[in-house]
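need coordinates for the below:
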Amino acid sequence: MHVLFVCTGNICRSPTAERLAAAFAAAQGIPEFTTSSAGTRAVTGHPVHPEAEQVLHGLGGDSDGFAARQLTAKIAAGADLILTMTRAHRDAVLELAPQRLHRAFTLTEASRLITDLHAHSVAELANLRPHLAQDQIPDIPDPIGQSREVFATVGEQIAALLPPIVELCRPR
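Okay, here's the model as predicted:
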């Protein structure tokens, strides 16, 4: 299963999610789980933001070799599951790749569908989505321009939402 994470600049939230999810999957022995990330307005070619990199390393992730990239329809089409940081990012994915509707969710939305409504597959995520009140699913805030503490809080929020996603992707 290939999971694509999407945020704005592809230098903070989505690389944190990408690299942490990969680390969590490796620790659980799920070799078929792959991750990538992209930005809706990517700072193409840039490494992970220094504050986000510190948080990522502290949470057990690795930023080696990372370079930000712009989201394209081709990138979206190559993902089995697309997880965005905000509803606006999800909308941007669907503008580029409307056929991914049943595979694109916010990270918070997907995690809650798994933990609260017991989704066991990407298809079940899509089928159960109408049962979540969309206005009660918080976006993951952009830490750019914020304090080190905000970067840490955002990283911890992402890390807390990932275990159900990794478990969903475990081969059955």
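
any idea of the mean pLDDT in stretch 90-103?
Average pLDDT, stretch 90-103: 97.

now do the end-to-end distance for that stretch.
10 Å (CA to CA, to the nearest Å).

list the buried residues for that stretch?
By 16 or more other CB atoms under 10 Å, the buried positions in stretch 90-103 come out as 90, 92-94, 97, 100, 103. C-beta coordinates here come from the backbone N, C-alpha and C atoms, glycine included.

over to stretch 39-49?
39-40, 42-43, 46-49.

confidence-wise, which of those comes last?
If you rank the buried residues of stretch 39-49 by pLDDT, residue 43 sits at the bottom with 90.

how close does that one get to residue 17?
Separation of residue 43 from residue 17 (CB to CB, to the nearest Å): 17 Å.

check contacts around residue 163.
Contacts for residue 163 (CB atoms under 8 Å, 6 or more residues apart in numbering) come out as residue 24.

now do the SS call for it.
The local conformation at residue 163, judged by DSSP: H, G, I helix; E, B strand; the rest coil, is helix.

returning to what we had before: and of the buried residues of stretch 39-49, the nearest to residue 126?
residue 40 (21.6 Å; CB to CB).

got the phi/psi numbers for that closest one?
phi -70, psi -30 (degrees, to the nearest 10).

endpoints of stretch 32-45, how far apart?
For stretch 32-45, the end-to-end distance is 27 Å (CA to CA).

actually stretch 100-113, not the one I typed
Start-to-end, stretch 100-113 (CA to CA) is 18 Å.

need the contact list for residue 37.
Contacts of residue 37 by CB under 8 Å, 6+ apart are 4-7, 10, 14-15, 17-18, 69.

which of those are buried? Put it as a PyMOL command.
Here is the PyMOL selection string for the buried members of the contacts of residue 37, based on 16+ other CB under 10 Å:
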select buried, resi 4+5+6+7+10+14+15+17+18+69
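
turn the contacts of residue 37 into a markdown table, including pLDDT, distance to residue 58 and secondary structure.
As requested, the contacts of residue 37 are exported to a markdown table (pLDDT from 0 to 100; distance: CB to CB, whole Å; DSSP: H, G, I helix; E, B strand; the rest coil):
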| residue | pLDDT | distance to residue 58 | secondary structure |
| --- | --- | --- | --- |
| 4 | 99 | 24 | strand |
| 5 | 99 | 19 | strand |
| 6 | 99 | 23 | strand |
| 7 | 98 | 19 | strand |
| 10 | 98 | 20 | coil |
| 14 | 99 | 18 | helix |
| 15 | 98 | 14 | helix |
| 17 | 99 | 15 | helix |
| 18 | 98 | 16 | helix |
| 69 | 98 | 24 | coil |
